[in-house]
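Visitor: Dropping the sequence and predicted coords here.
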Amino acid sequence: MGDADSGKAKSQACAACHGADGNSAVGIWPKIAGQSENYLRAQITAFRDGTRSDPSMQPMVSGLSDQDVADLAAYFSGQVVVSGQADPQLVQLGALVYRGGNSETAVPACSGCHLPDGSGNNQAAWPALKGQHPEYVEKQLQAYASGTRATDPASMMREVAQRLSDQEIKAVAQFITGLQ
């Protein structure tokens, strides 16, 4: 179990990319504020242990203990994510895919796992998506589609992302950034 106060004290290195409160200012770095504690713990551990790869994350987390990881996850999960501005031209398609999927390509609704409001599922360690930078969402969906990201249970996200068109990826990413 993590301690949020200890996590805040340990979060200084995280702030350079993710912001002091977990709301990064740059679209290539994810907002981690309000993210599921279980998801944060799983992802930080994956970076630390090398099962998820990112050249900027590995050196930042390589020396963290399990308690450090739990404390950081507790701190950032307690912060409030700030939603972004969505591109109005893509929101309609994004909403359709996020809420209803695409039956022609067997893409399930994103909301089935990540919930209608994008708050995710802490028990399953499925991430909150609401307010996330569209650039980051696009990059992750493309990584799942290509297989360069493989931290999803039972290849679930890889299979879904491979069925999404480039336009659907852009649209879903735009819709997600505006979720509150």
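Guide: That came through, no problem. Everything numeric in this text was worked out from a predicted model, so none of it was measured.

Visitor: Please pick out the residue of this structure most distant from its centre.
Guide: E104 (26.2 Å; CA atoms, centre = their mean).

Visitor: does that one belong to a helix or a strand, and which?
Guide: Counting by DSSP states H and E, there is no helix or strand that carries E104.

Visitor: Count residues in the vicinity of R99, would you?
Guide: Residues near R99, counting by other CB atoms under 10 Å, number 13. Glycine gets a C-beta too; all of them are placed from N, C-alpha and C.

Visitor: same deal with the one 4 residues further on?
Guide: The burial metric for S103, expressed as a neighbour count using other CB under 10 Å, is 8.

Visitor: cool, K139 as well?
Guide: 17.

Visitor: Okay, and it sits in which element?
Guide: K139 belongs to helix 134-146, assigned by DSSP H and E.

Visitor: which other residues reach that helix?
Guide: If you take CB atoms under 8 Å, 6 or more residues apart in numbering as the criterion, helix 134-146 is touched by 27-31, 84, 86-87, 129, 149, 152, 157-158, 160-162, 164, 169-170, 172-174, 176-177.

Visitor: 7 Å instead, please
Guide: 27-30, 149, 152, 157-158, 161-162, 164, 169-170, 173-174, 176-177 (CB atoms under 7 Å, 6 or more residues apart in numbering).

Visitor: ditto for stretch 22-30
Guide: For stretch 22-30, using CB under 7 Å, 6+ apart, the contacting residues are 17-19, 31-33, 76, 79, 81-82, 132-136.

Visitor: Thank you kindly, that will do.
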